[in-house]
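S.K.: just a sequence and a predicted model for now, questions to come.
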Amino acid sequence: MHANRLKCLSWVNRLLIVVLLTVLAGCSQSFVYNFLPRLILWEIDDYVTLTGDQSDRLLVALEEALSVHRSEHIPFYIREMNEIEQSIRSDSVSPQTVEAWYGTIASYRREALAWIAPLGVDQIKELSLAQRSELVTNLQEQLQDRRSNREPETEQEKRERWLQSRIESTEDIIGRLTPEQREILARSVANQLDNGAYWMDYRQRWLSEFDRALQSSDWDKAEALMYAPEQLYTEEYAARLEANRQSAYQTISELINSLSAEQRGQLFDQWAQWRSLLEDISASTV
């Protein structure tokens, strides 16, 4: 527990540094975005102790990856946001519409992982066997901490927490919900399958396979695990995830179709702010 607190304090200090620099320099969010390689390097340092040369090479790789993300990936986000907004403005939204949005994003995620996984493996190849063991050990400890820190709660308490979280996050985007909209969210929570234990089991399988790949220098296997981690889902877990997705498509479509003129205006204002942020980042240079 003491080590975990030190890690938390370390991250607080790092975030405070970024916030302080942003305030003092009068910088925009693009400054924080450009600082991400350093933040990621700090985060990696919590899992594996790198040599100075390894840190330098990794920082260069992260900066190059960020440049690609800025120039190629963020424009995709903007285009997809524009298409979704146009769809909301012009049509009533069906569950099939939402599923199509998800399909586009999932396809892009697959393309992004195909780009990221080899880069990740290239960096892991630089690690010694001792460093690889340190990395997996720390990932295992993180998973165990997450398992141990799951607060005991009744099924009703858990559902109430989910519902409150869903209400708050939705109201942050569209404003105060109507009773009808609260009922839509309540139904979604009632229908949601709790996959927490399934995720823990899957993650343990993934870590075990990843450890074996790293210790045997099986880089093809390591890349496959990073590119397609869902290969280790059980059939039951995959089916439960799909059931939750189908429920989410229904909930999102019902919420969008229930929006008042005022709520739609707030949604599009929020949309414009997100798009503006992405455009600023895409146009920025290091």
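M.R.: Cool, the structure landed.
S.K.: ok, residues contacting the helix or strand where Arg146 lies?
M.R.: Secondary structure assignment for Arg146, by DSSP states H and E: helix 129-148. For helix 129-148, the surrounding residues in contact (CB atoms under 8 Å, 6 or more residues apart in numbering) are 4, 46-50, 124, 127, 200, 203-204, 207, 210-211, 214-215. Placement of C-beta: from N, CA and C, glycine included.
S.K.: hmm, 10 Å instead?
M.R.: 1, 3-4, 7, 44, 46-51, 54, 124-125, 127-128, 196-197, 199-200, 203-204, 206-208, 210-215, 217, 222 (CB atoms under 10 Å, 6 or more residues apart in numbering).
S.K.: one more: stretch 171-190?
M.R.: 158-167, 169-170, 244, 247-248, 250-260, 262-271, 274.
S.K.: what subset of those residues is buried?
M.R.: Neighbour-count burial (16 or more other CB atoms under 10 Å) applied to these gives 159, 162-163, 166-167, 170, 244, 247-248, 250-256, 259, 263, 266-267, 271.
S.K.: mind listing the helices for the stretch 51-200 of the chain?
M.R.: 52-68, 74-90, 95-124, 129-148, 155-174, 179-191, 196-215 (DSSP state H, counting those that start in this stretch).
S.K.: figure out which of these is closest to Tyr33.
M.R.: Closest to Tyr33 of these is helix 52-68 (CB to CB; 7.7 Å).
S.K.: now do that closest one, average pLDDT.
M.R.: Averaged across helix 52-68, the pLDDT comes to 90.
S.K.: now it - C-alpha only, CSV.
M.R.: The C-alpha trace of helix 52-68 is given here as CSV (Å, rounded to 0.1, in the frame of the first residue of the first chain):
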residue,chain,number,x,y,z
GLY,A,52,19.3,6.6,-19.7
ASP,A,53,19.8,5.4,-23.3
GLN,A,54,16.6,3.4,-23.3
SER,A,55,14.7,6.5,-22.0
ASP,A,56,16.2,8.7,-24.7
ARG,A,57,15.3,6.3,-27.5
LEU,A,58,11.8,5.7,-26.1
LEU,A,59,11.2,9.5,-25.9
VAL,A,60,12.2,9.9,-29.5
ALA,A,61,9.8,7.1,-30.5
LEU,A,62,7.0,8.6,-28.5
GLU,A,63,7.5,12.0,-30.1
GLU,A,64,7.5,10.5,-33.6
ALA,A,65,4.3,8.5,-32.7
LEU,A,66,2.6,11.7,-31.4
SER,A,67,3.5,13.5,-34.7
VAL,A,68,1.8,10.7,-36.7
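S.K.: Glu279: which of the helices of the stretch 51-200 of the chain is closest?
M.R.: Across those, closest to Glu279 is helix 74-90 (CB to CB), at 6.4 Å.
S.K.: distance from that closest one to the middle of the chain?
M.R.: In terms of CA atoms, centre = their mean, to the nearest Å, the centre of helix 74-90 is found 20 Å from the chain centre.
S.K.: relative to helix 95-124, how tilted is it?
M.R.: In terms of direction (axes from the mean of the first three to the mean of the last three CA atoms, to 10 degrees), helix 74-90 departs from helix 95-124 by 170 degrees.
S.K.: make CSV from the helices of the stretch 51-200 of the chain and add distance to Glu235 to it.
M.R.: As requested, the helices of the stretch 51-200 of the chain are exported to CSV (distance: least, CB to CB, whole Å):
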stretch, distance to Glu235
helix 52-68, 34
helix 74-90, 31
helix 95-124, 19
helix 129-148, 22
helix 155-174, 25
helix 179-191, 21
helix 196-215, 11
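S.K.: indicate which one of those helices is closest to Leu278.
M.R.: helix 74-90 (5.3 Å).
S.K.: what mean pLDDT does the closest one get?
M.R.: Averaging pLDDT along helix 74-90 gives 91.
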